[in-house]
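Q: predicted model and sequence follow; I will ask about them next.
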Amino acid sequence: MSPKVNATEVFIKNWEAAVKLKDSGEREFRYIINSGSSRSSKTHSIIQLFYLYAIKNPNKKLSVFRDTKQICKQTVLEDMKKIFIGLPNYSTVKFNITESIFKFSNGSTIHIEGTDDSIKIHGYHCDVLWINEGYNISKDTFDQLDMRCSDFVILDLNPRQSHWSEDVAKYTNSITIHSTFLDNPFCPDEQRRKILSYQPVSMCRVVTEKILTTDEAIAYDIDKNELGITPGRIKELVRCRENEYKNTANEFNWSVYGLGLKAEKPNRILRFTEISDSDYHKIQSTVYSGCDWGSVDPWGILEAKYYDGCLYLHELNYASENEIRSKLTTTELYQIAGADEGIVKWKFGKLGIPNNRVIVCDNNRPLKIIALREAGWDYAIAASKPQGSIIDGIDLLNNLKVFYTSSSTNLKYEQENYSRKIDRNGVILEEPEDIDNHLIDPARYIALFLQSQGVIKNI
């Protein structure tokens, strides 16, 4: 039974998943994934769940994470303050403003956290873990938190792009709760109208149910209604036609924010093809490496083969230097501290990259390239980046058949989400956004290098 609170069906589903046990007494679900549209009550429901789970279970530590603690305080914490007031026995709960911790009389606590403290992450323990809007949280960070969580894990997100949570959803002890704004009777009218304004005629029921084509739906005589279409569908069609007239209709926005579905971004740039790792390793061709330095951001390292007019890519590293350092032993840290750019030499050695391989590196860290050469990688070179090289590299990748290995999960994510900028009038520009490119950039460096060497002929 779920507790009696003023809540939506989304809360009920989450609560039942959180407390459901097998006949053996073990928890039925370790992972509860909330996927859906804006204003579907996901966040509100999970906040209610956190509070009630804490108050009903003594001495539990419940923790919510966002990419930074500051963002978590500005978003989740502010929502908690508003929602907790209306829940049972809130007068007995104390709040530590310095540490951002709610303390319950039964010894349970709710902690507001951020993944920006990498050292803290790798030793963090809790009973219940909530990853809120985890698009900026890496799978490695999630794994570190997950392995030290004793009860269950909640993830919530609007599925606007590919994400590692899709793999978590495949676990046998995982449940996905999908919801939309229509599941939330408390959704403010103005926000409901805003979301409904995105629905195009092509995605109204008379079209999706194949009663009419999109063109027929736009021209359909609603007053005559010769097909006897139901009033509800007619009302929806009228609204969608009005959306088209007002130019608010948008398939991407309706898919993501209305239906809570993953949709391809209209400004997406690249479309690579996935192959198995074994197929990649069977290709007999010269191997090249590419490197995009990253101390805080991901340090993208990949290898590539060019064969029969196709470029094949395989991800080698995505962890930042800070992430790597946080996992090293004291001995390893001592070993890399005694030399200039010691972590660079250590990482390339760990990856087993041969000394005679061409490594095309971002030219913004010349000392790191020098360190690689001094350590024996004589063919570590700086990528040529004259004006216009970003667009040239993108065009080259788009004109090639590009494949990536199935284990290259971060590369898969980047090629799906690497996008062009959009100006404030909604016009898609030629220039790409400077995000989701930590492996795309080295792929571009390698392609342009191979073209300069005549390996890739001018396309």
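A: Yep, that arrived.

Q: residue 34 pairs with what?
A: residue 156, residue 177 (DSSP bridges).

Q: thought it was touching residue 177?
A: Yes. Using CB atoms under 8 Å, residue 34 is in contact with residue 177, at 5.2 Å. From N, CA and C alone the C-beta is placed, and that goes for glycine too.

Q: shared neighbours of these two, anything?
A: Listed contacts common to residue 34 and residue 177 are 10, 14; contacts here mean CB atoms under 8 Å, 6 or more residues apart in numbering.

Q: okay, the two: which has more neighbours?
A: Taking neighbours as other CB atoms under 10 Å, residue 34 and residue 177 compare with residue 34 leading, 28 against 22.

Q: with residue 149 as the reference, measure out to the more buried one.
A: 17 Å (CB to CB, to the nearest Å).

Q: same check, this time on residue 24
A: 20 Å.

Q: over to residue 418?
A: Residue 418 is 32 Å from residue 149, where distance means CB to CB.

Q: the most centrally placed residue in the chain and residue 439, how far apart?
A: In the chain, the centroid-proximal residue (CA atoms, centre = their mean) is residue 135; its distance is 3.1 Å. Here the criterion is CB to CB. By it, residue 135 lies 17 Å from residue 439.

Q: contacting residues for residue 305?
A: So residue 305 contacts 280, 283, 285, 286, 287, 288, 311, 312 (CB under 8 Å, 6+ apart).

Q: next, the contact list for the fourth one, please.
A: I take that to be residue 286. Residues in contact with residue 286 (CB under 8 Å, 6+ apart) are 305, 306.

Q: mind running it again at 6 Å?
A: Not one residue lies near residue 286 by CB atoms under 6 Å, 6 or more residues apart in numbering.

Q: the fifth one too?
A: The neighbours of residue 287, taking CB under 6 Å, 6+ apart as the test, are 303, 305.

Q: ok, what's across the strand from it?
A: Beta-bridge partners for residue 287, by DSSP bridges, are residue 305.

Q: neighbour count winner among residue 418 and residue 149?
A: With neighbours defined as other CB under 10 Å, residue 418 and residue 149 compare such that residue 418 has more, 22 against 19.

Q: over to residue 181: give its phi and psi.
A: Residue 181 adopts backbone torsions of phi -60, psi -20, taken as degrees, to the nearest 10.

Q: what about the closest residue to it other than its chain neighbours, is that helix, strand or coil?
A: Nearest non-adjacent residue to residue 181, counting by CB to CB, 6 or more residues apart in numbering: residue 39, 4.2 Å away. Look at residue 39: counting by DSSP: H, G, I helix; E, B strand; the rest coil, its state is coil.

Q: measure residue 39 to residue 13 for me?
A: Separation of residue 39 from residue 13 (CB to CB): 17 Å.

Q: again with residue 42
A: Taking CB to CB as the measure, residue 42 falls 11 Å from residue 13.

Q: ok, the two, which is more surrounded?
A: Shown here are residue 42 and residue 13; by other CB under 10 Å, residue 42 has more neighbours (29 against 19).

Q: so residue 380 sits right up against residue 360, yeah?
A: No. Taking contacts as CB atoms under 6 Å, residue 380 lies outside contact range of residue 360: 8.4 Å.

Q: domain parsing for the chain?
A: Domains of the chain are assigned by automatic domain parsing as 9-183, 199-249, 273-452.

Q: any idea how far apart the tips of the last one sit?
A: What it means is domain 273-452. With CA to CA, to the nearest Å as the measure, domain 273-452 spans 24 Å from end to end.
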